[in-house]
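1. Provide a 3D model corresponding to the input given below.
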Amino acid sequence: MRVLIVDDEYLIRDGLARSLDWASLGFDVVETAEHGLEALEMVKNHRPDLILTDIRMPFMDGLTLIREIKSIYDQACVVIISGHEEFDYAKTALKLDVFDYVLKPINLNELEQVVRQAISHIEELGLRFKEMTDIREQMQNSMSVLKEHFMLDLVFGKLSEDQILSSAKDYGLNPAHFFAAALIEVGSPSCEQSDSFYENQRQLEIYFEEMVSNRDFLFIASISTHEYLLVANDAAEDRLEENLNGIKAEIELQAKEFGLSTTLSAGASSYGLIGLQGSYQYALYAASELFMGAGNRALSFAQDTSKNLPDSIEFFDISAFKNALTFSDKSAIMSAFNDLRTLVITQSNAPKLVIQLLCLNLFLECKRVLREQGAEIDAVLENPASSIQSIINQPSYERMFEALASLISSILDYYDVVRFKQYAFDVDKAKKFIQANYRDVTLSLKSIAKHINMSACYFSVIFKKETGITYINYLTGIRVDKAKALLLNSNMKVYEIAYEVGYDNPTYFSTLFKKITGISPFDYKKKILSSSSD
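-> Sure thing, here's the model as predicted:
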């Protein structure tokens, strides 16, 4: 914390800076100012937590200074220093939401007591501010997540027309605009996905977020690890197509700067939000044409695919298969595959094109999870394109799924070997990172997962699977063990140890310590030292 002492008398401000043991009170920076103008600049630049100020000063008096401070930094805790003859000024200051006042001549014991009370007030304000900030962030994140779910459910055909129209305005969408959907796939030109690839991909995702924040007509959401849904809308159809062409060029250029390749396949625009599902279906069809077209990676838009698709198509939901690939073993993955297989066989009216796209997507998901582990499909299949081509050209659905089941089984056998080896490596890497950074109060699941280039959710699952405990329990164990050592081998106070082992709230640290060990930090030190002396 920082404290600023403001007084035009040098002996008073210097004496206050030296007379109290500010470090033991928790202040690591003590600054002084001669008058209000100087103090105001320091407040603007350094945002002190506590300000002790005189009332009568040249250039800018204390009351004016307090008004200025409260207008730019409402969280500042202000204590007035005044003489008896200035008591009326002090009462006016209290109306300006100052914390307290101390009369001259200053009694250091009284001042220290006021400072300790101010510290409690500052900590309480900090907790309130953090709570409000967290609530605002949660609300913003929740709305963003809800909109993402809404858009994905819409294009996947999970919403009725009434649900679409009733929710559109909640997410800032005009259901009477023209809409178009596109599928963005991100890859590496060399087909090798190193650590730098994932960092570059994250940079591209940040760029996507900036694009969306600056354009009301645009929305981008993640579908899978390397695929993104892009939705654009406009009141005018010609302007929508013009915007899409511009976005296409932007993404291609930005991806090249990050050393990435992109394929963007877009469906034809349609009037009304309800027609967006059809546009997405056309985008999938365009993507399948690219795949079957000997690996053409150029960005392309399907402007009119209505002649190639039936009037109404229902695509199969593969989310259960994708989740099984990420979090389950081979048995559960094949079970999810067989569930899809049964659904397709019983739904005999599904067009052949849809079944081919389904098989292609399942194959690409298997290819994706291999890449995420640093492996390539070529290690399993001599000619991957020829293998999937052979499957989707089978004369019946049964033969198609029979061949695909055999192919996926082979991929999963290799995937298990790669994955479990990688699990141990990633968890060991995460442990070392935690051990090296346990003092960092901002250390989180997200930051640890980012260090090993993994999603937070996925990292949480494999860490517990490999270690038998959650990452937070592992981190807490390290911090408590370090705290025990400091309690026994140093003269540090409890609050100092709390900060040293990564907690910015000493009260929370003491509560957590007692919960784990059964006794408070103070009693722990007393008990161990007593045992040693006996």
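2. C-alpha from now on. contacts and neighbour counts both.
-> OK.
3. Check what contacts the helix or strand where Leu37 lies and list those residues.
-> Per DSSP states H and E: Leu37 is located in helix 36-46. Applying Cα atoms under 8 Å, 6 or more residues apart in numbering, the contact partners of helix 36-46 are 4, 6, 32-33, 57-62, 64-65, 68-69, 72.
4. ok, those residues vs Ser222, which is closest?
-> Nearest to Ser222 among these is Ile72, at 39.3 Å by Cα to Cα.
5. Look at the spatially closest residue to Val380 that is not a sequence neighbour and tell me its secondary structure.
-> Setting aside the residues directly before and after it, Val380 is nearest to Ile411 in space (Cα to Cα, 6 or more residues apart in numbering), at 6.3 Å. Put simply, Ile411 is helix when judged by DSSP: H, G, I helix; E, B strand; the rest coil.
6. distance of Ile411 from Ser270?
-> Noted for Ile411: a distance of 39 Å to Ser270, by Cα to Cα, to the nearest Å.
7. Relative to Ala180, how far out is Leu218?
-> For Leu218, the distance to Ala180 - Cα to Cα - is 10 Å.
8. for this protein, which strand is longest?
-> Longest strand in the chain, counting residues (DSSP state E): strand 178-187.
9. got the angle between the helix or strand following that strand and strand 178-187?
-> Note on strand 178-187: by DSSP H and E, the next helix or strand toward the C-terminus is helix 195-214. Interaxial angle of helix 195-214 relative to strand 178-187 (axes from the mean of the first three to the mean of the last three Cα atoms, to 10 degrees): 160 degrees.
10. Which positions in helix 195-214 come out as buried?
-> Buried positions in helix 195-214, judged by neighbour count with 16 or more other Cα atoms under 10 Å: Phe197, Tyr198, Asn200, Gln201, Leu204, Glu205, Phe208, Met211, Val212.
11. Among those residues, which one lies nearest to Val494?
-> Tyr198 (41.1 Å).
12. Need the three-state assignment for Ile223.
-> Three-state assignment for Ile223 (three-state DSSP): strand.
13. Can you name the residues that contact it?
-> Taking Cα under 8 Å, 6+ apart, one finds Leu152, Leu229 in contact with Ile223.
14. Tell me the pLDDT of it.
-> With respect to pLDDT, Ile223 scores 80.
15. next one: Ser510
-> 90.
16. Tell me which stretches of the stretch 151-300 of the chain form helices.
-> 161-168, 195-214, 237-257, 276-292 (DSSP state H, counting those that start in this stretch).
17. Dump those into a markdown table; add mean pLDDT as well.
-> Output for these, formatted as a markdown table (pLDDT from 0 to 100):
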| stretch | mean pLDDT |
| --- | --- |
| helix 161-168 | 88 |
| helix 195-214 | 79 |
| helix 237-257 | 87 |
| helix 276-292 | 72 |
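18. Rebuild those as TSV, extending it with distance to Ala405.
-> Formatted as TSV, these follow (distance: least, Cα to Cα, whole Å):
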stretch	distance to Ala405
helix 161-168	36
helix 195-214	30
helix 237-257	35
helix 276-292	20
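19. residues near Asn489, how many?
-> Per other Cα atoms under 10 Å, the neighbour tally for Asn489 reads 10.
20. right, I mislabeled it, should have said Asp170
-> With other Cα under 10 Å as criterion, Asp170 counts 12.
21. how does this protein divide into domains?
-> 2-128, 156-301, 319-424, 429-533 (automatic domain parsing).
22. Nearest to Phe150 among the ones you listed would be which one?
-> domain 156-301 (8.3 Å).
23. For the residue lying closest to Ala449 once chain neighbours are set aside, give me its contacts.
-> Leaving aside its chain neighbours, Ala449 sits nearest to Ala456 (5.2 Å; criterion: Cα to Cα, 6+ apart). If you count contacts by Cα under 8 Å, 6+ apart, Ala456 has them with Leu445, Lys446, Ile448, Ala449, Lys450.
24. buried set for the helix or strand Ala336 falls within?
-> Using DSSP H and E, the element containing Ala336 is helix 330-346. Neighbour counts over helix 330-346 (16+ other Cα under 10 Å) mark Lys330, Ala332, Ile333, Met334, Ala336, Phe337, Leu340, Arg341, Val344 as buried.
25. distance of the first one from Phe425?
-> Here the distance between Lys330 and Phe425 works out to 21 Å (Cα to Cα).
26. what do you get for the third one?
-> Computed with Cα to Cα, the distance linking Ile333 and Phe425 is 23 Å.
27. sorry, back to before: now, which of the buried residues of helix 330-346 sits nearest Ala430?
-> Closest to Ala430, out of all of the buried residues of helix 330-346 and judged by Cα to Cα, is Lys330, at 25.4 Å.
28. okay, that closest one: pLDDT?
-> 84.
29. That one contacts Ile411, correct?
-> No: counting by Cα atoms under 8 Å, Lys330 does not reach Ile411; the two are 10.0 Å apart.
30. tilt between the following helix or strand past the helix holding Leu37 and helix 36-46?
-> Note on helix 36-46: by DSSP H and E, the next helix or strand toward the C-terminus is strand 50-54. Computed by the same axes, to 10 degrees, the angle separating strand 50-54 from helix 36-46 equals 170 degrees.
31. Show me what strand 50-54 packs onto, helices and strands only.
-> Here strand 50-54 touches strand 2-6, strand 77-82, going by 3 or more Cα pairs under 8 Å, 6 or more residues apart in numbering; DSSP states H and E.
32. at 10 Å instead, please
-> strand 2-6, helix 10-19, strand 29-33, helix 36-46, helix 62-72, strand 77-82, strand 100-103, helix 108-155 (3 or more Cα pairs under 10 Å, 6 or more residues apart in numbering; DSSP states H and E).
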